[in-house]
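K.L.:
Sequence and predicted model, in that order:
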Amino acid sequence: MTPEPAAPTTGDPGVLRVALLGYGVVGSQVARALVENADDLAARSGARLELVGVAVRDASRPRDGVGTVVPASLLTEDAEALVDRADLVIEVMGGLEPARSLIRRAIAAGASVVTANKALLAAQGPELFEAADAARVDLAFEAAVAGAIPIVRPVRESLAGDQVRRVLGIVNGTTNYVLDQMTTLGLDLSDALAEAQALGFAEADPTADVEGYDAAAKAAILASLAFHTRVSIDQVAREGITGVTAADVVAAATTGHVVKLLAIAERTAEGVSVRVHPALVPAAHPLAAVHGAFNAVFVEADGAGPLMFYGQGAGGRPTASAVLGDLVSAARDRLSGGKGSYESAYASLPVLPADAAVTRYQVRLVVADRPGVLAQVAGVLADHGVSIDAVRQTTGEESADGTASLLITTHAAREASLAATVAAVDGLGSVHEITSVLRVEGV
Ligand SMILES: NC(=O)C1=CN([C@@H]2O[C@H](COP(=O)(O)OP(=O)(O)OC[C@H]3O[C@@H](n4cnc5c(N)ncnc54)[C@H](O)[C@@H]3O)[C@@H](O)[C@H]2O)C=CC1
Ligand SMILES: N[C@@H](CC=O)C(=O)O
Ligand code: NA
């Protein structure tokens, strides 16, 4: 039997009660907009969106905007009680718990939920979506992927009649900011990361950014939507940017590339492949021009062809914009007695292992500078079925220590073949060091 649609519970059909869970970088901007733009939001929603409380860990701590924009009396440390008296719940506290339990509690009570929490959705999304579907309430999450950029809605709704083949992009603002500062200003990773944290781009634990977990969560969400298949974060092949050195960034520039952390989700004949890793992108590619905390996502679909989405992927106000868009939609759905779009996982495609991915590579190595070494290295690649596209010697023939630096670019090869090849090359007596192995994308 279809459950009855959830209905506003205030008793006043002209008011919807909004609970805000979290008053950090994003939550403080959401609260500000709810108060300052109340009339516009009411006109667009069809009801006043009344902020009835803000859950924080320590209500006595002074905070920007509290006591001026937001009445201090709205702050509470009792998130459960707050959820129990809301029609719409905004979860911007982050983390798995208590966010998950509070969202479950809200849904069970018939409230609609808006969240920016990609870590939670990529780990436990299916359970939450099923609960929301059963209760016929919205669980909206545009802010969870690429901040302000409308990407969740286009992939889930606008492309629902098409066949998406590939999603590729920059989906983490912090790492893009860090790599950009390393490339353009020569900053080191830790200094650039400290700046990104100060600007409010990074996660509470920035390891999630620099080790690629945040991008992997977003890749899992996008792949799930694009391919109508459940993909969880642990099915995403992940490599962060902590292994990217200043020398990699400089070497990339000498070959006309920039280093970017990419998220790639592809539909292949065998299933779905989802990966996150640093990659060399040609300097002329549009992704190379994505600077600071901006994000960009390319989507390729059979009918639509190529699509490109670009904008601010992190930061309080941009992310709050996505949260508020979802809030207005959820309010409208509620007032019309229905629920917005459903998540669909009907295709249930197999999610392929990491080593099935196929891509091009650039390998930098230091070898003994003597005749026959290049042929030896090339032979190892050939033995493993990895074909060479170009070889470049990057130190002159008169190098003082008798070594030469080589830069080998391969044609597309399977990840597994490349890994075996690199191990075999590393074992050659004439090879002193493999300096870096980076994938090449966007060619
Ligand atoms: N900062 C950004 O640019 C973006 C953040 N997000 C997501 O938005 C969410 C919030 O991020 P930020 O605002 O940056 O984090 P934040 O760390 O600045 O703020 C989190 C807030 O939640 C509160 N909080 C955490 N646990 C709590 C608990 N158990 N009880 C009560 N309050 C609690 C904290 O005290 C803090 O006020 C996260 O899920 C994040 O991944 C999504 C897109 C962009
Ligand atoms: N830490 C994230 C915030 C937005 O999702 C990022 O840097 O992209
Ligand atoms: Na978004």
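P.N.:
It's in. Ligands and ions are numbered 1, 2, ... in the order given.
K.L.:
Contact partners for the closest residue to L159 other than its chain neighbours?
P.N.:
In space, L159 comes closest to A301 once its chain neighbours are excluded; the distance is 5.6 Å by C-beta to C-beta, 6 or more residues apart in numbering. C-beta coordinates here come from the backbone N, C-alpha and C atoms, glycine included. By C-beta atoms under 8 Å, 6 or more residues apart in numbering, the contact set of A301 is 159, 162-165, 307.
K.L.:
T115 too?
P.N.:
Here T115 is in contact with 90-92, 99, 103, 121, 139-141, 143-144 (C-beta under 8 Å, 6+ apart).
K.L.:
and if we set it to 7 Å?
P.N.:
T115 sits next to 91, 103, 141, 144 when contact means C-beta atoms under 7 Å, 6 or more residues apart in numbering.
K.L.:
From E270, how far off is the second one?
P.N.:
Think I103. Here the criterion is C-beta to C-beta, to the nearest Å. By it, I103 lies 34 Å from E270.
K.L.:
Neighbour count: those two, which is higher?
P.N.:
When I103 is set against E270 and neighbours are counted by other C-beta atoms under 10 Å, the residue ahead is I103, at 26 against 10.
K.L.:
Pull the number of nearby residues for the closest residue to A413 other than its chain neighbours.
P.N.:
The shortest distance from A413 to any residue that is not its chain neighbour, by C-beta to C-beta, 6+ apart, is 4.5 Å, and that residue is V386. By the measure other C-beta under 10 Å, the count of residues near V386 is 23.
K.L.:
right, and V386 touches T421 too?
P.N.:
Yes. The pair V386 / T421 is scored as a contact, 4.9 Å apart, by C-beta atoms under 7 Å.
K.L.:
could you measure the residue nearest to L159 against ligand 2, distance?
P.N.:
Separation of A301 from ligand 2 (C-beta to the nearest ligand atom, to the nearest Å): 24 Å.
K.L.:
per-residue confidence for that residue?
P.N.:
You'll see A301 listed with a pLDDT of 98.
K.L.:
Please name the bridge partners of it.
P.N.:
V164, G305 (DSSP bridges).
K.L.:
now V297
P.N.:
Beta bridges link V297 to G169, F309, judged by DSSP bridges.
K.L.:
how close does it sit to I241?
P.N.:
Distance from V297 to I241, by C-beta to C-beta: 18 Å.
K.L.:
Could you do A413 as well?
P.N.:
Distance, A413 to I241, using C-beta to C-beta: 23 Å.
K.L.:
And S387, by the same measure?
P.N.:
S387 is 28 Å from I241, by C-beta to C-beta.
K.L.:
So the two - more neighbours on which side?
P.N.:
I241 (25 against 12).
K.L.:
Surely the more buried one and K260 touch.
P.N.:
No. Using C-beta under 7 Å, I241 and K260 do not qualify as a contacting pair, with a distance of 9.4 Å.
K.L.:
Now the common contact residues for the two.
P.N.:
Any residue near both I241 and K260 by C-beta under 7 Å, 6+ apart counts here, and that gives L179.
K.L.:
Okay, now the unreliable bits of this structure?
P.N.:
For the chain, residues meeting the criterion pLDDT under 70 lie at 1-13, 395-399.
K.L.:
OK, contacts around R17?
P.N.:
By C-beta under 7 Å, 6+ apart, the residues touching R17 are 10, 50, 52, 85-87.
K.L.:
Please produce a markdown table containing these, extended by neighbour count, distance to ligand 1 and secondary structure.
P.N.:
Conversion of the contacts of R17 to a markdown table gives the following (neighbours: other C-beta atoms under 10 Å; distance: C-beta to the nearest ligand atom, whole Å; DSSP: H, G, I helix; E, B strand; the rest coil):
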| residue | neighbour count | distance to ligand 1 | secondary structure |
| --- | --- | --- | --- |
| T10 | 17 | 24 | coil |
| E50 | 18 | 20 | strand |
| V52 | 19 | 16 | strand |
| R85 | 14 | 16 | coil |
| A86 | 25 | 15 | coil |
| D87 | 28 | 20 | coil |
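K.L.:
can you map out the helices along the stretch 51-200 of the chain?
P.N.:
In the stretch 51-200 of the chain, helices defined by DSSP state H, counting those that start in this stretch lie at 79-84, 99-108, 118-135, 152-153, 173-185, 189-198, listed in chain order.
K.L.:
Nearest approach to P278 belongs to which of these?
P.N.:
Nearest to P278, of all the helices of the stretch 51-200 of the chain, is helix 173-185, at 7.7 Å by C-beta to C-beta.
K.L.:
ok, the closest one near ligand 3 or not?
P.N.:
No. Using C-beta under 5 Å from the ion as the criterion, no contacts between helix 173-185 and ligand 3 are found, and the smallest distance is 11.3 Å.
K.L.:
Show me which residues of the protein sit near ligand 1.
P.N.:
Along the chain, the residues adjacent to ligand 1 under the rule C-beta under 6 Å from any ligand atom are 22-27, 55-57, 79, 92-94, 98, 116-118, 143, 147, 200-201, 203-204, 314-315, 319.
K.L.:
Name only those of these that count as buried.
P.N.:
With burial judged by 16 or more other C-beta atoms under 10 Å, the buried subset of the residues of the chain next to ligand 1 is 22-23, 25-27, 55-56, 79, 92-94, 98, 116-118, 143, 147, 200-201, 203, 314-315, 319.
K.L.:
Could you tell me which of those belong to strands?
P.N.:
Secondary structure of these is defined by DSSP state E; positions in strands are A55.
K.L.:
check the buried ones among the residues of the chain next to ligand 1 against ligand 2, which are close?
P.N.:
Restricting these to those touching ligand 2 (C-beta under 6 Å from any ligand atom) yields 147, 201, 203, 314.
K.L.:
Farthest-apart pair in those, please.
P.N.:
When these are compared pair by pair using C-beta to C-beta, the maximum separation belongs to G147 and E203, at 12.5 Å.
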